[in-house]
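**Q** Predicted model follows, preceded by the sequence.
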Protein chains: 2
Amino acid sequence: MRLKTLTIVGVGLIGGSIGLAAKQRGVAARVIGVGRQPESLNRAATLGAIDEAQLDLVTAVGQAELAVFCTPVDLIAGQVLAAAPACSPGTLLTDAGSTKAVILASVESRIPPGVCFVGSHPLAGSEKRGPEHASPDLFQNRLTIVTRSVQTDPKGLERTSAFWHALGSRVKIMDPVEHDKVLALTSHLPHLVAAALASALPSELGSFTASGFRDTTRIASGDPSLWTAIFMQNRDLILEALAGLGSRLDEFRQVLVTEDWTTLNELLTRAKRVRDALGS
Amino acid sequence: MRLKTLTIVGVGLIGGSIGLAAKQRGVAARVIGVGRQPESLNRAATLGAIDEAQLDLVTAVGQAELAVFCTPVDLIAGQVLAAAPACSPGTLLTDAGSTKAVILASVESRIPPGVCFVGSHPLAGSEKRGPEHASPDLFQNRLTIVTRSVQTDPKGLERTSAFWHALGSRVKIMDPVEHDKVLALTSHLPHLVAAALASALPSELGSFTASGFRDTTRIASGDPSLWTAIFMQNRDLILEALAGLGSRLDEFRQVLVTEDWTTLNELLTRAKRVRDALGS
């Protein structure tokens, strides 16, 4: 894949990493970064993540052969719909949001003909923000989910997959609701649990934490407004995942109450098996 | 502190690190490692964590000026009581267990006069096991809790603190029950939650996890039998901590159910503040 112009909307950790990877791998001749903060765009330009900075969304996306929206999930649909009318026919729009069904439902029926939107979600990132944490290798050997709904254009799906492949990522095609269901378990629920654990700690006990507590709660340092938007968009499936976790916690509580140490050992062994299989 | 003979009972990650630190810092002229597996002791000797390997607990501890028990928490009291009668008057015995009250209650009334036991817990470690993961810097700038009960000998307390200081650790003196209460929140509850989260993941979804899930569940890879013993010994306070977490999770559930996004943002902000204060 060799794009004439790639536009990245939102040049933070993810957007910045897309820019660095695209330039390092020759995926785009020209990379435009769009943002609201000139300072952040300048940092991204200095780091080599973008060639040009643009404050105007519509102008920047209008020049793109492919534009990728790396903004908070509650902004993506509105930005796509605002920019799409300025795009040339054949322009491909995609995103990097952690939720998919709500975004697709908002965009798909209202996007102008000739412009194609395909939902994406690279499973990479961190609790850190800003282009200074970006890396050209962020997607290397990681998985990007690209969604196929009934309305998804097959050619757009193929080009979107090729784009993420070109950035070094593996790609998995998935239904948007299925994506949201999986991510509720693998990302959104862990965030909620990490936040609950962190806030259950009286602040005077901070010095008694070691790597275990720190690992378990690390993602609670993520940006609250980004995560509030994710929780809004995937509310039902997160509530379902939370109920599932509640049952697991009840199992543990029950064996503690009844002092059933054999079953506790089995529960911990089962958990270890799942975790060990994921690698470090 | 300069010991003639330091005996380490259980030469895994913690015991091995004590040996490496003691030798590197000249804390002991001679380090004896005790264990049941000759293979593991040989590895520890090859790594330079111990000078001599001993399979007989009583003989090895009997030669010590200071002995530290780094075995699973359910074995410590029995081993201390088995070895103490062979010790010269003035011998100091301590441990590295993650629970304190049950161990002290078992040991303190039954240890022979002249031999001193003081409970310790270095807040360092990992989900990994074995001397090959040991490091001479494991305790550097970390915190070790040394417990003071009504029966604790003041001179023994001072020497125990000096020992951990000599290995590079900071030291905090704490009541044993207070220790167990704090650790229920900072270590035992996170382990339970990590295990519950890991086991809530259907195994076919492993490939959809990223660093967030992996961090949050990392400690679930810990040894199930070590952790079962910890849960047995600190059952009541862990159940209390679990109830506290339940209330936090209910708060999150409630704001999701009522779609109260302002409060959700506040809960996430509070959690972020706690977590940010801990550093990476």
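**A** Arrived safely.

**Q** Where do the strands of the stretch 51-200 of chain A begin and end?
**A** Using DSSP state E, counting those that start in this stretch, the strands found in the stretch 51-200 of chain A span residues A:52-54, A:66-69, A:92-95, A:116-118, A:120-122, A:143-147, A:170-174.

**Q** So which of those is nearest chain B?
**A** Nearest to chain B, of all the strands of the stretch 51-200 of chain A, is strand A:143-147, at 6.3 Å by C-beta to the nearest C-beta. C-betas here are computed from N, CA, C, even on glycine.

**Q** and the closest one, which strands flank it?
**A** strand A:120-122 (antiparallel), strand A:170-174 (parallel) (DSSP bridges).

**Q** In TSV: those strands, plus mean pLDDT.
**A** Listed next are the strands paired with strand A:143-147 as TSV, based on pLDDT from 0 to 100:
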stretch	mean pLDDT
strand A:120-122	98
strand A:170-174	98
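
**Q** So which of these has the densest surroundings on average?
**A** strand A:120-122 (a mean of 25; mean count of other C-beta atoms under 10 Å in any protein chain shown).

**Q** burial measure for the nearest residue to A:Gly78 once chain neighbours are set aside, as a count.
**A** The shortest distance from A:Gly78 to any non-neighbouring residue, by C-beta to C-beta, 6 or more residues apart in numbering or on different chains, is to A:Ser106 (7.9 Å). As a burial measure, A:Ser106 scores 16 neighbours (other C-beta atoms under 10 Å in any protein chain shown).

**Q** ok, the closest residue to A:Lys155 other than its chain neighbours - contacts?
**A** Residue nearest to A:Lys155 in three dimensions, not counting chain neighbours: A:Cys116, with 7.6 Å by C-beta to C-beta, 6+ apart. Applying C-beta atoms under 8 Å, 6 or more residues apart in numbering or on different chains, we find A:Cys116 in contact with A:90-93, A:153, A:155-156.

**Q** Max pairwise distance over those: which two?
**A** Greatest spatial distance among those (C-beta to C-beta): A:Leu93 and A:Lys155, at 13.6 Å.

**Q** higher neighbour count, the two?
**A** A side-by-side neighbour count of A:Leu93 and A:Lys155, using other C-beta under 10 Å, places A:Leu93 first with 28 against 12.

**Q** And the more buried one, how close does it get to B:Ala84?
**A** In this structure, A:Leu93 and B:Ala84 are 73 Å apart, going by C-beta to C-beta, to the nearest Å.

**Q** next one: A:Pro113
**A** A:Pro113 sits 85 Å away from B:Ala84, going by C-beta to C-beta.

**Q** Which of these two has more residues huddled nearby?
**A** Neighbours were tallied for A:Pro113 and for B:Ala84 using other C-beta under 10 Å; the higher tally belongs to B:Ala84 (22 against 6).

**Q** Is A:Thr263 in contact with A:Val257, as I believe?
**A** No. Contact status for A:Thr263 versus A:Val257: not in contact, 11.5 Å apart, counting by C-beta atoms under 8 Å.

**Q** now the helices for chain A?
**A** For chain A, helices defined by DSSP state H occupy the ranges A:13-24, A:38-46, A:57-62, A:73-83, A:101-108, A:154-166, A:176-183, A:189-199, A:211-217, A:224-233, A:235-257, A:261-278.

**Q** Please identify the most buried of those.
**A** Of the helices of chain A, helix A:189-199 is the most buried (mean count of other C-beta under 10 Å), at a mean of 27.

**Q** which ones are touching the residue nearest to the spatial centre of chain A?
**A** Chain A has A:Ser98 as the residue nearest its centroid, 3.9 Å off, counting by C-alpha atoms, centre = their mean. Neighbouring residues of A:Ser98 by C-beta under 8 Å, 6+ apart: A:73, A:121, A:183, A:187-188, A:230, A:234.

**Q** what do you get if the cut-off is 6 Å, keeping everything else the same?
**A** Applying C-beta atoms under 6 Å, 6 or more residues apart in numbering or on different chains to A:Ser98 gives the contacts A:Ile230.

**Q** do you know how far it is from chain B?
**A** Between A:Ser98 and chain B the distance is 10 Å, computed by C-beta to the nearest C-beta, to the nearest Å.

**Q** Please apply the same query to A:Ala83.
**A** 26 Å.

**Q** Please name the residues that touch the closest residue in space to that residue that isn't next to it in sequence.
**A** Of all residues not flanking A:Ala83 in the chain, A:Val61 sits nearest, at 3.6 Å (C-beta to C-beta, 6+ apart). Going by C-beta under 6 Å, 6+ apart, A:Val61 touches A:7, A:67, A:83.

**Q** Identify, from the residues you listed, the entry nearest to A:Glu178.
**A** A:Ala67 (25.2 Å).

**Q** Show me the beta-bridge partners of the closest one.
**A** Applying DSSP bridges to A:Ala67 gives these bridge partners: A:Thr7, A:Leu93.

**Q** from memory it sits against A:Leu93, does it?
**A** Yes. The pair A:Ala67 / A:Leu93 is scored as a contact, 5.2 Å apart, by C-beta atoms under 6 Å.

**Q** So for these two, which residues contact both of them?
**A** Common neighbours of A:Ala67 and A:Leu93 (C-beta under 6 Å, 6+ apart) do not exist.

**Q** on that earlier part again, Serialize the strands paired with strand A:143-147 to JSON lines and add fields for distance to B:Gly244.
**A** Formatted as JSON lines, the strands paired with strand A:143-147 follow (distance: least, C-beta to C-beta, whole Å):
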{"stretch": "strand A:120-122", "distance to B:Gly244": "34"}
{"stretch": "strand A:170-174", "distance to B:Gly244": "37"}
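
**Q** Now do the same for the spatially closest residue to A:Thr71 that is not a sequence neighbour: its pLDDT.
**A** Excluding its sequence neighbours, the residue lying closest to A:Thr71 (C-beta to C-beta, 6+ apart) is A:Gly10, at 3.9 Å. A:Gly10 carries a pLDDT score of 96 in this model.

**Q** Surely A:Gly10 and A:Val68 touch.
**A** No. With contact defined as C-beta under 6 Å, A:Gly10 does not count as touching A:Val68 (8.9 Å).

**Q** just to revisit the earlier point, got the helices of chain A as JSON lines, with mean pLDDT columns?
**A** Below are these laid out as JSON lines (pLDDT from 0 to 100):
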{"stretch": "helix A:13-24", "mean pLDDT": "96"}
{"stretch": "helix A:38-46", "mean pLDDT": "94"}
{"stretch": "helix A:57-62", "mean pLDDT": "97"}
{"stretch": "helix A:73-83", "mean pLDDT": "98"}
{"stretch": "helix A:101-108", "mean pLDDT": "96"}
{"stretch": "helix A:154-166", "mean pLDDT": "98"}
{"stretch": "helix A:176-183", "mean pLDDT": "98"}
{"stretch": "helix A:189-199", "mean pLDDT": "97"}
{"stretch": "helix A:211-217", "mean pLDDT": "95"}
{"stretch": "helix A:224-233", "mean pLDDT": "97"}
{"stretch": "helix A:235-257", "mean pLDDT": "98"}
{"stretch": "helix A:261-278", "mean pLDDT": "97"}
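
**Q** Looking at those, which is nearest to B:Arg248?
**A** When the helices of chain A are compared by C-beta to C-beta, helix A:189-199 sits nearest B:Arg248, at 4.0 Å.

**Q** Now do A:Pro89 against A:Glu65, distance only.
**A** 12 Å.

**Q** and those two? which has more neighbours close in?
**A** Applying other C-beta under 10 Å to A:Pro89 and A:Glu65 shows that A:Glu65 carries more neighbours, namely 20 against 9.

**Q** what's the distance between the more buried one and A:Ala83?
**A** Relative to A:Ala83, and taking C-beta to C-beta, A:Glu65 is found at 14 Å.

**Q** how about the residues of the stretch 1-150 of chain A near chain B?
**A** Neighbours of chain B within the stretch 1-150 of chain A, by C-beta under 6 Å from any C-beta of the partner chain: A:Leu123.
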